[in-house]
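Student: dropping a prediction and its sequence here:
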Amino acid sequence: MSELRPETRVVHPPQPPVEHSRPITMPIYQTSGFVFDDPAVMADAMGRPDGPFVYGRYSNPTVRALESAVSGLEGGVAAFATGSGMGAINTVLFGLLKPGDHVIAQKSLYGGTAATLNDLTARFGVTVTYVDEADPGAVREAARPETRMLYLETISNPMTLVADLPGMCAAARELGLVSVVDNTFASPVLCRPIEHGADIVVHSTTKYLSGHTDVVGGLAVFRDHELHEKVWHHSTVLGASADPFPAWLTLRGMQTLALRMERHCSNARLLATRLAEHPAVTAVHWPGLPSHPSYEVAGKLLPDFGGVFSFDLAGGRAAGERFMKSVRLALLAPSLGGVETLTLHPATTSHRSLDAEALARFGIGEGTVRIAVGIEHPEDLWADIEQALAD
Ligand SMILES: *Cc1c(COP(=O)(O)O)cnc(C)c1O
């Protein structure tokens, strides 16, 4: 190559081979495509999810490492990673549903998912029946010949209702429906929905899996290869695929997932228990408390109850807004699942488009506050909450 001119040589720098040793951590394969020696191998690679790497929208070694890691943790056979949680959810919904299909979904859905289902109804004639998250009888009653899918969330936002996954997924199986579970709030450390009968698990890896509030990403894990291949073909043209650098950050964050979840849960337990006894608080919504409607279902399904909870302030909206202004350590911000404690007032932020009656249907009060507990020392967090409640 020495006879090449500088203009050509700068475009084709040599790549030193990595031989006789290998990197400890997964490298970031920051390339959009891959070079082939054989055109037949290249043609084959484009047609299947487990073939050689060919193009970044199809897959990438760093992204594949993340997919394998989460798929293994969830007990699935394959996964695909996406650029956001909504990217994963939409790829699954658009990959499996067609006009005229019917979906059964739980009532207390993540806002983005509810919006997508509304859109599917308005523009594609996909109908949706909403049921309670722990009522398999309601699934059987709602089912019709055109029903294709049951859609659940392990733990819901912000009231932390826990789905009866074994009962609900068994009903879906009897009826021949594909069951999809958003496991973002539990993470595979607390729950592996495939073990309880789910066919597809979706995640916003933005939250606990990456864990450091520096990535937006998503992922879908599949119980069997057939379902994975069907949705994968759709995902390659839908184009919500993950990029290698965020995938790498997520892989790095995941190495401490189990440790972080332990602290998120124990911090949440301490704060929820103390808040339940605070005179300014009328109710605390965390499924580890006996007063929570999901306490029994959660006790059977989960070894611990997650790092997100909400509570109702006796002083209503004004008290909620005052609390938001008074916290110092807890940050007023959207999202959850990172090492920092974040808080928000659903009635004036995430759920501000709802009127009082709609808020009540979601179980959200004017004085409801949500806390996504981080991994700080719990006594520092309690001191912050206590001073904010005293203001
Ligand atoms: C955040 C979230 C999503 C959406 O994920 P993005 O990464 O923000 O697109 C979906 N489901 C749940 C339960 C979430 O918390």
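Tutor: That came through, no problem. Residues are numbered from 1 along each chain as shown.
Student: now do the contacts for the one residue in the stretch 151-300 of the chain that gets nearest to the ligand.
Tutor: When scored by CB to the nearest ligand atom, the stretch 151-300 of the chain has Ser204 as its residue closest to the ligand, at 3.0 Å. C-beta coordinates here come from the backbone N, C-alpha and C atoms, glycine included. Counting by CB atoms under 8 Å, 6 or more residues apart in numbering, Ser204 touches 84-86, 88, 182, 184, 217-218.
Student: most neighbours among these, which one?
Tutor: Tallying neighbours with other CB atoms under 10 Å puts Ala88 at the head of the contacts of Ser204, with 31 neighbours.
Student: state the distance from it to the ligand.
Tutor: Distance, Ala88 to the ligand, by CB to the nearest ligand atom, to the nearest Å: 8 Å.
Student: which residue sits closest to that residue, ignoring its sequence neighbours?
Tutor: For Ala88, ignoring the flanking residues on the chain, the nearest one in space by CB to CB, 6 or more residues apart in numbering is Gly218 at 3.4 Å.
Student: same question for Pro334.
Tutor: Nearest to Pro334 is Leu344, by CB to CB, 6+ apart, at 6.3 Å.
Student: the one you found: how many residues sit nearby?
Tutor: Around Leu344 there are 25 residues (other CB under 10 Å).
Student: and the pLDDT at it?
Tutor: Leu344 carries a pLDDT value of 95.
Student: who's it bridged to?
Tutor: Arg370 (DSSP bridges).
Student: that one touches Ala333, doesn't it?
Tutor: Yes: the pair Leu344 and Ala333 passes the contact test of CB atoms under 8 Å, sitting 7.0 Å apart.
Student: avg pLDDT for stretch 197-216?
Tutor: On average, stretch 197-216 scores 98.
Student: go on, stretch 318-326?
Tutor: Stretch 318-326 comes out at a mean pLDDT of 95.
Student: before we move on, the earlier item: the contacts of Ser204 into CSV, with extra columns for secondary structure?
Tutor: Supplementary listing: the contacts of Ser204 in CSV, determined by DSSP: H, G, I helix; E, B strand; the rest coil:
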residue, secondary structure
Ser84, coil
Gly85, helix
Met86, helix
Ala88, helix
Asp182, strand
Thr184, coil
Gly217, coil
Gly218, strand
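Student: identify the farthest-apart pair in the residues you listed.
Tutor: Asp182 and Gly217 (14.3 Å; CB to CB).
Student: which other helices and strands contact the lowest-mean-pLDDT helix or strand in the chain?
Tutor: Lowest on mean pLDDT, DSSP states H and E among the helices and strands of the chain sits helix 356-362, with a mean of 78. Helices and strands touching helix 356-362, by 3 or more CB pairs under 8 Å, 6 or more residues apart in numbering; DSSP states H and E: there are none.
Student: now what about that helix, what contacts it?
Tutor: 108, 159, 346-347, 351, 354, 365-366.
Student: the residue nearest to Ala88 against Asn90, yeah?
Tutor: No: Gly218 lies out of contact with Asn90 (CB under 8 Å); the separation is 9.2 Å.
Student: overlap of the contact sets of the two?
Tutor: Ala240.
Student: stretch 256-269 and the ligand, any residue contact?
Tutor: No: judged by CB under 6 Å from any ligand atom, stretch 256-269 makes no contact with the ligand; its nearest approach is 14.0 Å.
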